[in-house]
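Colleague: sequence first, then the predicted structure:
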Amino acid sequence: LPISRLLDKALSAGFRAVVLAGSSERVEYLNDRLWTYEPDSWLPHGSARDGEAALQPIWLTDVDENPNGATILVMCDGAASDRVGDFQRCLDLFDGNDPEAVEKARAHWKRWKAEGHELVYYQQTERGGWEEKARG
């Protein structure tokens with residue numbers, strides 16, 4: 001799960017994160033997967049089901065919120081925040097093989113560029129790393 005690796009790096013660097021998913025079902029899927037994405041690893045996280053948002057280093061939600069004081073926002077499933085300017089870093093994760101997801105990501109890019117945000121596009125490599133492809 002690419003999101004797991006990104007969240008692991010964010011936590012290791014001392015950041016707190018909000019993951020904005022496209023549905024409550026996706027939140028529950030991520031909630032389960034983050035406990036088991038690697039046999040000997042887990043990422044401390046929670047969602048509305050768990051409560052105590054302020055104590056969670058990673059908050060999973062389908063609502064545009066930041067109840068854990070996060071500095072990183074990770075958007076997935078085409079979800080987009082109206083508050084990207086409130087975070088130090090924002091990631092818009094999408095499947096580059098899904099034409100609909102690519103179109104949504106392009107619309108997000110245009111919107112955030114027009115709002116004056118500094119943008120960088122990274123594409124995941126075959127080996128799981130990330131390669132910079134564009135700046136805007």
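Modeller: Cool, the structure landed.

Colleague: could you pull out the strands for the chain?
Modeller: Ranges of strands in the chain, per DSSP state E, are 17-20, 46-47, 58-61, 72-75, 89-92, 120-124, 130-135.

Colleague: pull the contacting residues for G46.
Modeller: Under the criterion of CB atoms under 8 Å, 6 or more residues apart in numbering, the neighbours of G46 are 31, 52-53, 55-56, 58-60. C-betas here are computed from N, CA, C, even on glycine.

Colleague: one more: L119?
Modeller: Counting by CB under 8 Å, 6+ apart, L119 has contacts 109, 112-113, 135-136.

Colleague: and it, how close does it get to R111?
Modeller: Note on L119: its distance to R111, by CB to CB, to the nearest Å, is 10 Å.

Colleague: quick one, what contacts D40?
Modeller: So D40 contacts nothing (CB under 8 Å, 6+ apart).

Colleague: and it, how far is that from D8?
Modeller: When D40 is compared with D8 (using CB to CB), they lie 13 Å apart.

Colleague: now E52
Modeller: Counting by CB to CB - E52 and D8 are separated by 21 Å.

Colleague: between the two, which one's more packed in?
Modeller: D8 (17 against 9; other CB atoms under 10 Å).

Colleague: am I right that the more buried one is in contact with L43?
Modeller: Yes. Between D8 and L43 a contact is recorded at 6.1 Å, counting by CB atoms under 8 Å.
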